[in-house]
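Student: dropping a prediction and its sequence here:
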Protein chains: 2
Amino acid sequence: MAQFMDVHHGMKGITADQLQQAHQADLAIEEDEGVHFQRAWADPESGTVYCLSEAPSAEAVQRIHERSGHKADEVHAVPLSV
Amino acid sequence: MAQFMDVHHGMKGITADQLQQAHQADLAIEEDEGVHFQRAWADPESGTVYCLSEAPSAEAVQRIHERSGHKADEVHAVPLSV
């Protein structure tokens, strides 16, 4: 398992409820791909959302996000962290 | 205090030691601006680094990064998180 950071743009005005609902939608199906979404952070002003996950691949992360209706614009493996 | 995610591009090939050293350089002076850098994640392949912090402002985050020699390309307030 590796760690991934994915980024969504174009989410201007996202609310706390919408972020929570999107995260729950991912959690509900993440096991299908062996993914776990750990955290997410949103900037409603610029419309940027960052999601931190553990997953077997970037493609697995993206497949869950696509099925939940919010495809990521970028998915980066982040093998280094402090 | 608010939470911020900042992003650095152009860090291709960054190593675990370099990420640790950069983080330590921030921690050493972060109190001057009332900032605390909590986590950082790096993708050496695309050269992207994400830093999560608590700070009084985006400008305070940037001042610490500038003094440490690694100005961020983006600093986003992330008032929403899950």
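Tutor: Thanks, I have the structure now. What you see is a predicted model; the values in this text were computed from it and never measured. Numbering: from 1, shown residues only, chains lettered A, B, ... in the order given.

Student: any idea how many residues pack against A:Gln24?
Tutor: Look at A:Gln24: counted by other CB atoms under 10 Å in any protein chain shown, it has 12 neighbours. From N, CA and C alone the C-beta is placed, and that goes for glycine too.

Student: residue numbers of chain A in contact with chain B?
Tutor: A:3, A:5, A:14-16, A:19-20, A:23, A:39-46, A:48, A:50, A:52, A:76-82 (CB under 8 Å from any CB of the partner chain).

Student: doesn't A:Asp6 make contact with A:His65?
Tutor: Yes: with contacts counted by CB atoms under 8 Å, A:His65 reaches A:Asp6, the gap being 6.9 Å.

Student: overlap in contacts, the two.
Tutor: Between them, A:His65 and A:Asp6 share these contacting residues under CB atoms under 8 Å, 6 or more residues apart in numbering or on different chains: A:51, A:72.

Student: can you list the low-confidence ranges for chain A?
Tutor: Within chain A, no stretch has pLDDT under 70.

Student: which helix runs longest in chain A?
Tutor: Criterion DSSP state H: the longest helix present in chain A is helix A:16-29.

Student: how about it: buried residues?
Tutor: A:18-19, A:22-23, A:25-26 (16 or more other CB atoms under 10 Å in any protein chain shown).

Student: right, and A:Ser68 touches A:Asp26 too?
Tutor: Yes: under the criterion of CB under 8 Å, A:Ser68 makes contact with A:Asp26 at 5.1 Å.

Student: show me where chain A has its strands.
Tutor: A:2-8, A:36-43, A:48-55, A:74-77, A:80-81 (DSSP state E).
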